[in-house]
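Student: Got a predicted structure plus its sequence, pasted below:
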Amino acid sequence: MKLTALNGFKDILPDETSLWYQVESQARNLLERFHFSEIRLPVLEKTELFARSIGATTDIVEKEMYTFIDKQVTMRPEATASLMRAFIQHNLQAQKPIQRLFTIGPMFRHERPQKGRLRQFHQMDVEVLGSASPRIDAELMAMGSLLFTELGIAVKLELNSLGCPECRPSYRKNLLEFINSRLDRLCSDCKRRSTTNPLRVLDCKKSACKKQVKDAPSILEHLCADCDEHFLSVQKHLDQLDVEFSLNKFMVRGLDYYVRTTFEFVTDELGAQSAVCAGGRYDGLIEALGGGKTPGIGFALGLERLVLLLQLYDNGAAQENTIDLFLAGLGEAASECCFKLMHELRRSGIRADMDLDIKSLKSQMKQADKAGAAHVLIIGEQELEDRKAILRDMATKEQQRVAIEAAVIKQAVERESRTMA
């Protein structure tokens with residue numbers, strides 16, 4: 001039997017990892033500019049953490065988590081709960097009143113695999129803890145918008161408010177009355193959700209259900225004075241930062257801990273999986289997990305979906321893993337010399353490679369071309385005797401003789417590279 005990866009689990013091959021590196025490096029650069037620090041979290045957590053944070057009746061906890069029943073541990077389906085656990089456990093608030101944290105890594109959910117949605121998927125999770133200011137909400141969305149701009153990806157920002165524990169009950173009652181009047185025309189999932197989390201009915205992707213709820217009451221009409229003021233202030237600050245957005249009254253979250261501001265960056269390029277980045281405010285989550293009263297807001301960005309979008313654009317073409325220099329040794333003695341030189345050049349910062357099997361010059365030149373080498377250093381018996389190697393520019397085909405010394409070769413390669421640039 002041929003062994004293959006599990007359904008919903010994907011190998012990320014070398015010709016694609018350059019795009020992953022591009023996304024992650026640009027994201028890290030931007031996060032540093034906004035003064036965020038990285039935190040690395042374990043993949044396994046106690047199952048109770050997700051039941052208490054995400055919500056015991058959510059689809060994620062009920063149907064999608066990978067849980068080891070005998071050990072009562074779960075492979076994380078999202079990162080926010082784990083980050084909150086670490087924040088509380090290590091008393092991070094004592095170090096700084098406002099924590100700006102991010103983490104990047106794999107998450108796991110047993111969902112039906114489709115384009116842009118796998119069972120092992122990767123997220124960049126960004127959180128700001130310790131501030132209830134609407135400016136933080138606007139700043140975080142502005143940062144997300146800037147990341148997409150710098151990556152060259154076109155998205156739209158959609159915004160909503162989910163209210164708070166004070167104003168949500170009256171809306172829930174109003175919404176439930178609306179849903180019950182159409183319950184017989186809704187799908188089985190929506191019927192189940194109507195008794196556990198009615199807001200999730202608004203998020204159903206089935207066209208028949210969408211048609212039934214298009215006239216559903218909006219939570220924006222039920223916001224208390226504080227939530228209304230906060231939401232209006234968020235919009236004002238987004239305008240101040242020149243961040244375009246639209247209101248989406250049907251936007252809800254699949255996780256119980258969200259309050260007030262909720263947002264998504266969406267695209268129409270990926271079919272049903274339109275959300276590339278989603279987040280919102282969760283002011284009561286840390287307290288619910290046993291910590292002090294600490295407001296927070298964050299978002300999760302799906303790396304698989306970003307890479308798919310980059311591949312759709314010309315600027316997302318997979319980049320070759322090129323090298324600066326290929327060393328071609330002709331014969332045993334020359335190959336021994338190249339082997340030592342290669343290590344010295346790598347140690348000095350040059351990306352170098354060579355054929356270790358002492359093949360013909362023609363074969364080695366083919367390898368250099370396939371590796372995308374900018375230069376080839378050729379050493380044979382005569383070059384060893386003269387202590388002068390042939391340095392060939394693979395783009396111009398020009399050749400020069402250079403001393404067989406790592407420092408001299410490095411200088412020549414870098415000088416040629418600057419000239420080409």
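Tutor: Thanks, I have it.
Student: What strand or helix carries residue 48?
Tutor: Taking DSSP states H and E as the criterion, residue 48 maps to helix 47-50.
Student: List the buried residues in that helix.
Tutor: By 16 or more other Cβ atoms under 10 Å, the buried positions in helix 47-50 come out as 47, 49-50. C-beta coordinates here come from the backbone N, C-alpha and C atoms, glycine included.
Student: So residue 348 is in contact with residue 406, correct?
Tutor: Yes: Residue 348 is within contact range of residue 406, at 6.3 Å (criterion: Cβ atoms under 8 Å).
Student: Which of those two has more residues huddled nearby?
Tutor: Ranked by neighbour count (other Cβ atoms under 10 Å), residue 348 and residue 406 place residue 406 first, with 19 against 14.
Student: does the more buried one really touch residue 344, like I thought?
Tutor: Yes: counting by Cβ under 8 Å, a contact exists between residue 406 and residue 344, whose distance comes to 3.8 Å.
Student: Tell me, how many residues neighbour the nearest residue to residue 182 once chain neighbours are set aside?
Tutor: Sequence neighbours aside, residue 212 is the residue nearest to residue 182 in space, at 4.7 Å (criterion: Cβ to Cβ, 6 or more residues apart in numbering). Using other Cβ under 10 Å, the number of residues around residue 212 comes to 22.
Student: so how far is the helix or strand encompassing residue 212 off the chain centroid?
Tutor: Element membership for residue 212, per DSSP H and E: helix 207-213. Centroid separation between helix 207-213 and its chain, computed with Cα atoms, centre = their mean, to the nearest Å, is 31 Å.
Student: Next: stretch 402-421.
Tutor: For stretch 402-421, the distance to the chain centre is 37 Å (Cα atoms, centre = their mean).
Student: What mean pLDDT does that stretch get?
Tutor: Per-residue pLDDT values across stretch 402-421 average out to 85.
Student: can you list contacts of that stretch?
Tutor: For stretch 402-421, the surrounding residues in contact (Cβ atoms under 8 Å, 6 or more residues apart in numbering) are 324-325, 337, 341, 344-345, 348-350, 374-375, 377, 379, 383-384, 387-389, 391, 393, 395, 400.
Student: and if you look at stretch 163-176?
Tutor: If you take Cβ under 8 Å, 6+ apart as the criterion, stretch 163-176 is touched by 162, 194, 198-199, 201-202, 216-217, 219, 221-224, 226-227, 259-260, 283-284.
Student: mind listing what residue 107 touches?
Tutor: By Cβ under 8 Å, 6+ apart, the contact set of residue 107 is 76-79, 120-123.
Student: so what does the least confident helix or strand in the chain by mean pLDDT touch, helix or strand wise?
Tutor: For the chain, the helix or strand with the lowest mean confidence is helix 59, at a mean of 75 (criterion: mean pLDDT, DSSP states H and E). Applying 3 or more Cβ pairs under 8 Å, 6 or more residues apart in numbering; DSSP states H and E, we find helix 59 packed against no helix or strand.
Student: Which SSE is immediately downstream of that helix?
Tutor: strand 66-68.
Student: Give the burial count for residue 274, as a bare number.
Tutor: 18.
Student: just to revisit the earlier point, as PDB, could you dump the C-alpha coordinates of the helix holding residue 48?
Tutor: The C-alpha trace of helix 47-50 is given here as PDB (Å, rounded to 0.1, in the frame of the first residue of the first chain):
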ATOM      1  CA  THR A  47      -9.300  20.100  26.700                       C
ATOM      2  CA  GLU A  48     -11.000  22.200  29.400                       C
ATOM      3  CA  LEU A  49      -9.200  25.300  28.200                       C
ATOM      4  CA  PHE A  50     -11.100  25.200  24.900                       C
END
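Student: Let me see the ranges of the strands in the stretch 51-200 of the chain.
Tutor: 66-68, 73-75, 99-108, 120-129, 156-161 (DSSP state E, counting those that start in this stretch).
Student: elements contacting the second one?
Tutor: It refers to strand 73-75. Counting by 3+ Cβ pairs under 8 Å, 6+ apart, strand 73-75 packs on strand 44-46, helix 47-50, strand 66-68.
Student: Which residues does stretch 370-378 contact?
Tutor: 320-328, 330, 338, 341, 353, 361, 364-365, 368, 389-395, 402, 409, 413, 416-417, 420.
Student: Restricted to helices, list those.
Tutor: Counting by DSSP state H, these place 338, 341, 361, 364-365, 368, 409, 413, 416-417, 420 in helices.
Student: In PyMOL, how would I select the buried members of those residues?
Tutor: Buried members of these, defined by 16+ other Cβ under 10 Å, are picked up in PyMOL with:
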select buried, resi 338+341+364+365+368+409+413+416
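Student: thinking again about what came up before, tell me the buried residues within the contacts of stretch 402-421.
Tutor: Using 16+ other Cβ under 10 Å as the burial test, those include 324-325, 337, 341, 345, 350, 374-375, 377, 379, 383-384, 389, 391, 393 as buried.
Student: In those residues, find the pair that's most separated.
Tutor: Farthest pair in those (Cβ to Cβ) is 374 and 384. Separation: 23.7 Å.
Student: other SSEs contacting the lengthiest helix in the chain?
Tutor: The longest helix of the chain (DSSP H) is helix 14-33. In this structure, helix 14-33 makes packing contacts with strand 99-108, strand 120-129, helix 134-151, helix 303-312, judged by 3+ Cβ pairs under 8 Å, 6+ apart.
Student: Relative to residue 289, which of these is closest?
Tutor: The nearest among the helices and strands packed on helix 14-33, by Cβ to Cβ, is strand 120-129 at 12.2 Å.
Student: List the contacts of the residue lying closest to residue 241 once chain neighbours are set aside.
Tutor: If the residues on either side of it in the chain are set aside, residue 241 comes closest to residue 142, at 4.5 Å by Cβ to Cβ, 6+ apart. Going by Cβ under 8 Å, 6+ apart, residue 142 touches 238, 241, 243.
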